[in-house]
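Novice: here is a sequence with its predicted model. Questions after.
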Amino acid sequence: MVLSPISILGGDSVYCINEAQMEHAKELAEKDPESSKKIKNIIDTLESDFSRNERAALAFTIIDNLRENREK
């Protein structure tokens, strides 16, 4: 039996991220001297090692953990 890959792309929106949050996130990721380096390094690794679907799963999991206020 061959299993089809699970796609998590597409569908209706569940969470809302406002423009101010996105701008602050970009600023932290691109301009903050300490944080931007860490974030860019992780993103480079993820984009080279993970499929698009795996990156989406990780992003959704991180957002859900933040929403649930789970530290780890």
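Specialist: That came through, no problem. Residues are numbered from 1 along each chain as shown.
Novice: what helix or strand is the residue minimising distance to the centre of the chain on?
Specialist: The centroid of the chain falls nearest to residue 59 when counting by CA atoms, centre = their mean (2.7 Å). Secondary structure from DSSP states H and E places residue 59 in helix 52-67.
Novice: before we move on, back to that, for the residue nearest to the centre of the chain, what are its contacts?
Specialist: By CB atoms under 8 Å, 6 or more residues apart in numbering, no residues touch residue 59. (Each C-beta comes from the backbone N, C-alpha and C, glycine too.)
Novice: what about it, distance to residue 50?
Specialist: 10 Å (CB to CB, to the nearest Å).
Novice: tally of neighbours for the residue nearest to residue 9 when sequence neighbours are not counted?
Specialist: Of all residues not flanking residue 9 in the chain, residue 56 sits nearest, at 6.0 Å (CB to CB, 6 or more residues apart in numbering). The burial count assigned to residue 56 is 14, neighbours taken as other CB atoms under 10 Å.
Novice: quick check: residue 56 vs residue 41, distance?
Specialist: Distance, residue 56 to residue 41, using CB to CB: 20 Å.
Novice: now residue 58
Specialist: Remark: distance between residue 58 and residue 41 (CB to CB) = 15 Å.
Novice: again with residue 33
Specialist: Counting by CB to CB, the gap from residue 33 to residue 41 is 14 Å.
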